[in-house]
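[1] Attaching a predicted model along with its sequence, questions to come.
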Amino acid sequence: MVLRIVVGLVLTVAAFALAGRRLWWLARVGRSGQPAPERIAAVRSHPARDAEVEATEVIGQRKLLKWTVPGLAHAFTFWGFIVLLLTIIEAYGDLFSRTFAIPGIGHWAWVGFIEDLFAVGVLAGIITFAIIRLRSNPEREGRKSRFAGSHTGAAWLVLGMIFLVIATLLLYRGAQINTGVFPYAHGAFASQIVGHWLHPLGTGVNSVLEVVFLLAQLAVVLGFLVFVTYSKHLHIITAPINVLFSRRPNALRGLEPMRSNGKVLDFEEADPDTDVFGLGKIEDFSWKGMLDMATCTECGRCQSQCPAWATGKPLSPKQVILDLRDHALAKAPYLLADSDEAREKLPDAVKFEAGRPLVGTEAEHGVIDPDVIWSCTNCGACVEECPVDIEHIDHIDGMRRHQVLIESAFPTEASGMLKNLENKGDPWGMGANRRLAWAEELDFEVPVADGTLDPEVEYLFWVGCAGALEDRARKTTKAIATLLHSAGVNFAVLGPAETCTGDPARRMGNEFVYSMLAQQNIETLNETGLAAGAGKTIVASCPHCFNTIANEYPQLGGNYEVVHHTQLLAKLVEQGKITPVTAVEEKITYHDPCFLGRHNKVFTPPREIMEQVPGVQAQEMHRCKNRGFCCGAGGARMWMEERIGKRINTERIDEALTTDPDTISTGCPYCLVMLGDAVAAKKASGEAKDTLEVVDVAQVLARSIQPPAPPADAAPPAAPAAPAPADQPTG
Ligand code: SF4
Ligand code: SF4
């Protein structure tokens with residue numbers, strides 16, 4: 001008895017010392033990052049919301065369960081380990097007294113049953129994980145495997161350790177049954193089965209097995225505890241903390257402002273020599289960024305949904321996090337050294353690591369290759385999918401910010417767009433005087449705001465640069481204006497007073513140009529009387545404008561009511577102010593724009609509009625709604641060449657073509673252009689029918705408010721039911 005107590009306690013003290021030392025060191029590494037007071041303030045100000053998030057995401061495993069089989073396997077393993085805390089209490093009790101039982105509940109049959117049920121559940125979970133890993137073996141599947149790039153050896157080791165935890169548990173409990181000290185007379189069915197197997201060995205052997213497997217159980221559990229702190233399984237400890245401090249809603253919608261030392265950067269006073277300008281080195285990440293790195297489970301869900309990875313580009317959101325983590329850990333002795341002298345004495349490998357550029361090519365020994373950060377479309381699929389709320393976009397765009405603002409290093413073809421934004425206020429450099437050309441092509445007058453809006457104007461139609469200046473997007477603009485006019489909506493546009501929202505500059509990393517444009521727009525919008533509470537709403541046709549005005553302008557003091565045009569049009573249809581009458585006999589598949597759908601959760605209104613149009617046969621693509629696949633234009637990718645891998649828009653159109661559509665609809669001018677280009681290429685190569693077209697949902701609706709064409713031999717109708725759209729798409 002004394003020996004087992006001594007062995008058990010020595011193992012415990014050693015394991016806690018090793019794990020504690022490692023955790024303390026990791027905490028110091030995390031604290032070497034930038035402060036993030038806004039994260040702490042957010043948790044303090046929303047304790048109820050955060051408790052709910054912990055309950056649903058951590059305890060309820062909400063995001064994990066989106067993937068049914070691996071989700072259930074993880075849930076059983078996770079819940080199993082919580083329930084099995086009871087068996088660990090019992091194991092420690094048994095160290096001191098063979099007849100130990102948890103006070104109060106220690107002999108209740110249902111407690112023994114629950115313990116065994118979850119022990120078996122954990123076994124089923126790890127068998128499922130093993131099958132999943134064998135079926136998705138990266139050595140065989142290559143990039144298609146979500147485990148490509150993960151540390152698979154460590155994952156197998158953990159599965160083995162978990163198996164040993166359960167095996168030793170059931171073996172020592174089975175032996176206890178045979179020696180007559182097991183606390184549960186009934187209920188512990190799995191332990192009873194194992195006891196039945198061990199019974200022929202006799203009481204003497206079972207007494208030995210009881211001690212051996214009890215100590216083995218403690219040794220495996222404690223070994224697992226230490227291993228956790230040195231491996232990706234650290235997420236067992238960090239995931240609840242990471243989820244607690246993650247951005248709501250999940251780092252989607254707007255980007256965060258640039259911060260230095262925890263304070264929002266003021267460009268008028270900021271000094272690049274002393275302030276942090278984006279993420280230029282690992283210690284520029286906040287402690288929350290470092291926590292993200294420590295929390296990655298290497299599950300590869302983000303990678304499996306990433307359009308850049310799916311089309312053969314070097315960007316894997318998982319690999320970004322893993323490379324940052326490896327670098328942070330390798331550089332940690334340098335970060336934690338308290339003097340230059342101490343740093344000088346560090347091993348050469350650490351000094352080499354400290355000298356690596358955060359973003360740089362292989363020849364420069366960069367941690368992250370420039371092609372990686374510039375491949376990102378900011379689509380948000382990674383953030384949406386990540387079960388532990390890692391914020392990939394913030395990190396990628398943070399690195400872009402440093403590259404653009406400090407290194408002036410970015411894809412050269414995007415420099416024209418940035419110059420045009422600075423000089424002309426739109427990415428094409430066409431200038432303000434072209435912004436109303438579309439309105440001249442309509443057969444009614446579009447009111448243009450001049451100073452404060454008239455009290456009776458309900459909506460300011462934010463047309464956007466593409467909507468005003470790009471030929472295909474202008475058709476959408478005219479369709480929306482026509483629909484609003486026909487519904488009797490009192491609206492106005494800003495015309496030449498509108499300028500780019502700054503989204504392409506911000507997503508490129510040029511926060512300076514973004515804030516210049518944003519402040520100019522906020523001034524205009526405030527002068528026009530749009531501030532929240534004024535009873536007026538901005539209706540934006542471009543999801544990027546919508547996202548920027550609704551979610552990013554508040555950071556600069558611009559607070560407005562903003563809706564997307566599909567939301568307003570769906571409401572007008574529902575209210576009977578727009579009545580689709582003419583059948584549009586087409587099979588239509590809808591492409592979710594990332595910044596409308598995944599970023600802002602507007603999935604239903606565009607679909608509702610199409611449902612109301614007679615004749616439309618809606619056909620969903622396999623990847624739709626929050627699993628929608630990007631068109632390739634977000635994250636300022638619209639203005640960059642796509643030199644590596646398959647074009648993202650081609651991949652999307654290949655998927656759309658599997659539904660054999662007559663029309664592909666969407667709700668974004670960027671998507672319209674990208675998908676339209678891919679369809680044109682497919683038509684040219686004979687892979688798509690000549691009649692296939694890409695249109696905005698507003699254009700579909702506009703077609704159906706025209707009166708039906710009369711039969712050839714019928715008399716013409718007396719009057720049209722509604723003004724006809726001035727310009728219908730021709731494909
Ligand atoms: S935002 Fe989209 S493109 Fe960028 S890393 Fe995430 S999934 Fe990939
Ligand atoms: S970042 Fe999230 S989704 Fe991606 S591998 Fe890590 S834990 Fe999984």
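    Okay, I see it. Ligands and ions are numbered 1, 2, ... in the order given.
[2] Residue numbers of the stretch 301-450 of the chain in contact with ligand 1?
    Taking CB under 6 Å from any ligand atom as the measure of proximity, the stretch 301-450 of the chain contacts ligand 1 at 305-308, 315, 317, 376-382, 392-393. C-beta: built from backbone N, CA, C; applies to glycine.
[3] same deal with the chain?
    Near ligand 1, the residues belonging to the chain are 305-308, 315, 317, 376-382, 392-393 when assessed by CB under 6 Å from any ligand atom.
[4] Apply 8 Å and report the result again.
    Residues of the chain lying near ligand 1 by CB under 8 Å from any ligand atom: 302, 305-309, 315-317, 320, 375-383, 385, 392-393, 396, 594, 630, 634-635.
[5] Would you verify that residue 694 is located in a strand?
    Yes. Residue state for residue 694 (DSSP: H, G, I helix; E, B strand; the rest coil) corresponds to a strand.
[6] Which strands or helices does the strand or helix carrying residue 572 pack on?
    According to DSSP states H and E, residue 572 maps onto helix 565-574. Under the contact criterion of 3 or more CB pairs under 8 Å, 6 or more residues apart in numbering; DSSP states H and E, helix 565-574 touches helix 471-486, strand 537-540, helix 604-612, helix 697-704.
[7] could these go into CSV alongside mean pLDDT and mean neighbour count?
    Below are the helices and strands packed on helix 565-574 laid out as CSV (pLDDT from 0 to 100; neighbours: other CB atoms under 10 Å):
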stretch, mean pLDDT, mean neighbour count
helix 471-486, 97, 24
strand 537-540, 97, 22
helix 604-612, 97, 20
helix 697-704, 97, 26
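[8] For ligand 2, which of these is the nearest?
    Among these, helix 604-612 comes nearest to ligand 2, with 26.2 Å by CB to the nearest ligand atom.
[9] Compute the inter-axis angle for the closest one and helix 697-704.
    Interaxial angle of helix 604-612 relative to helix 697-704 (axes from the mean of the first three to the mean of the last three CA atoms, to 10 degrees): 20 degrees.
[10] what is the rounded mean pLDDT of the following helix or strand past helix 604-612?
    The helix or strand immediately downstream of helix 604-612 is strand 617-618, counting by DSSP H and E. Across strand 617-618, the average pLDDT comes to 97.
[11] Give the pairing partners of strand 617-618; include direction for each.
    Sheet pairing for strand 617-618, assigned by DSSP bridges, gives strand 587-590 (parallel).
[12] Could you export the partner strand as PDB, CA atoms only?
    Extracted in PDB, the C-alpha atoms of strand 587-590 (Å, rounded to 0.1, in the frame of the first residue of the first chain):
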ATOM      1  CA  LYS A 587     -33.100  27.000 -63.900                       C
ATOM      2  CA  ILE A 588     -31.100  29.400 -61.700                       C
ATOM      3  CA  THR A 589     -28.400  28.600 -59.300                       C
ATOM      4  CA  TYR A 590     -27.500  31.300 -56.800                       C
END
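[13] Go through it and flag the buried ones.
    588, 589, 590 (16 or more other CB atoms under 10 Å).
[14] now, among those, which is nearest to ligand 1?
    Out of those, the member with the shortest distance to ligand 1 (by CB to the nearest ligand atom) is residue 590, at 19.7 Å.
[15] end-to-end on stretch 556-568?
    Using CA to CA, to the nearest Å, the span of stretch 556-568 from its first residue to its last is 26 Å.
[16] Now do the SS call for the residue nearest to residue 18 when sequence neighbours are not counted.
    Using CB to CB, 6 or more residues apart in numbering and skipping the chain neighbours, the partner closest in space to residue 18 is residue 226 (4.8 Å). When classified by three-state DSSP, residue 226 comes out as helix.
[17] burial of the residue of the stretch 451-600 of the chain found nearest ligand 1, as a residue count?
    Nearest to ligand 1, among the residues of the stretch 451-600 of the chain, is residue 594, at 7.6 Å (CB to the nearest ligand atom). For residue 594, the count of nearby residues is 30 (other CB atoms under 10 Å).
[18] circling back to that earlier point, among the residues of the stretch 301-450 of the chain next to ligand 1, which ones are in helices?
    305, 307, 308, 317, 381, 382, 392, 393 (DSSP state H).
[19] what about burial for those, which qualify?
    305, 307, 308, 317, 381, 382, 392, 393.
[20] Could you dump the residues you listed into a markdown table with distance to ligand 2 and pLDDT added?
    Below are these laid out as a markdown table (distance: CB to the nearest ligand atom, whole Å; pLDDT from 0 to 100):
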| residue | distance to ligand 2 | pLDDT |
| --- | --- | --- |
| 305 | 9 | 97 |
| 307 | 15 | 98 |
| 308 | 14 | 98 |
| 317 | 6 | 98 |
| 381 | 10 | 97 |
| 382 | 6 | 97 |
| 392 | 7 | 98 |
| 393 | 12 | 98 |
